[in-house]
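Colleague: Have a look; sequence and predicted model below, questions after that.
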Amino acid sequence: MRWITLTLLALILLWQYPLWLGKGGWIKVWELDHQVDAQKKANLQTRVRNVALDAEVRDLKQGTEAIEERARSDLGMIKPGEVFFQVVGGSMPLPASAARETSSLK
């Protein structure tokens, strides 16, 4: 009787092996599900980036404001007749009226 029980138990375990550890088992499905979730997140980030790049390309093709902004910020260009001021260093001093208000609050 003991041999029959052990044999049946072994057959049940062999029958369950593909379900849990086989090629299409639960562990593989779980791993693939996590990979799909990670890829969906990466796709969403890429889609957001593509939308931003598409908007920038359309703006560069249609308007001169974006080109002018790029020339000013990236290349440091200025229009004729403009004066360029570069502020270097620390914080900007407060106007006298604002300085009086902050000192009265203390």
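Modeller: Received, thanks. Quantities reported herein were computed from a predicted structural model and do not represent experimental measurements.

Colleague: Okay, the residue most central in space within the chain and Glu65: tell me how far apart.
Modeller: When Cα atoms, centre = their mean is applied to the chain, the residue found nearest the centroid is Gln45 (5.1 Å). Gln45 sits 28 Å away from Glu65, going by Cβ to Cβ, to the nearest Å. Where C-beta positions appear, they are placed from N, C-alpha and C, glycine not excepted.

Colleague: re earlier: following the helix or strand containing the residue nearest to the centre of the chain, which helix or strand comes up?
Modeller: Per DSSP states H and E: Gln45 is located in helix 26-62. Note on helix 26-62: by DSSP H and E, the next helix or strand toward the C-terminus is helix 65-75.

Colleague: buried residues in that following helix?
Modeller: Ala66 (16 or more other Cβ atoms under 10 Å).

Colleague: what sits up against it?
Modeller: Glu56, Asp59, Leu60, Met77, Ile78 (Cβ atoms under 8 Å, 6 or more residues apart in numbering).

Colleague: quick one, the helix holding Gln45 and helix 65-75 angle?
Modeller: Counting by axes from the mean of the first three to the mean of the last three Cα atoms, to 10 degrees, helix 26-62 lies at 100 degrees to helix 65-75.

Colleague: For helix 26-62, the averaged confidence score.
Modeller: For helix 26-62, the mean per-residue pLDDT is 92.

Colleague: which other helices and strands contact that helix?
Modeller: Judged by 3 or more Cβ pairs under 8 Å, 6 or more residues apart in numbering; DSSP states H and E, helix 26-62 is in contact with helix 2-21, helix 65-75.
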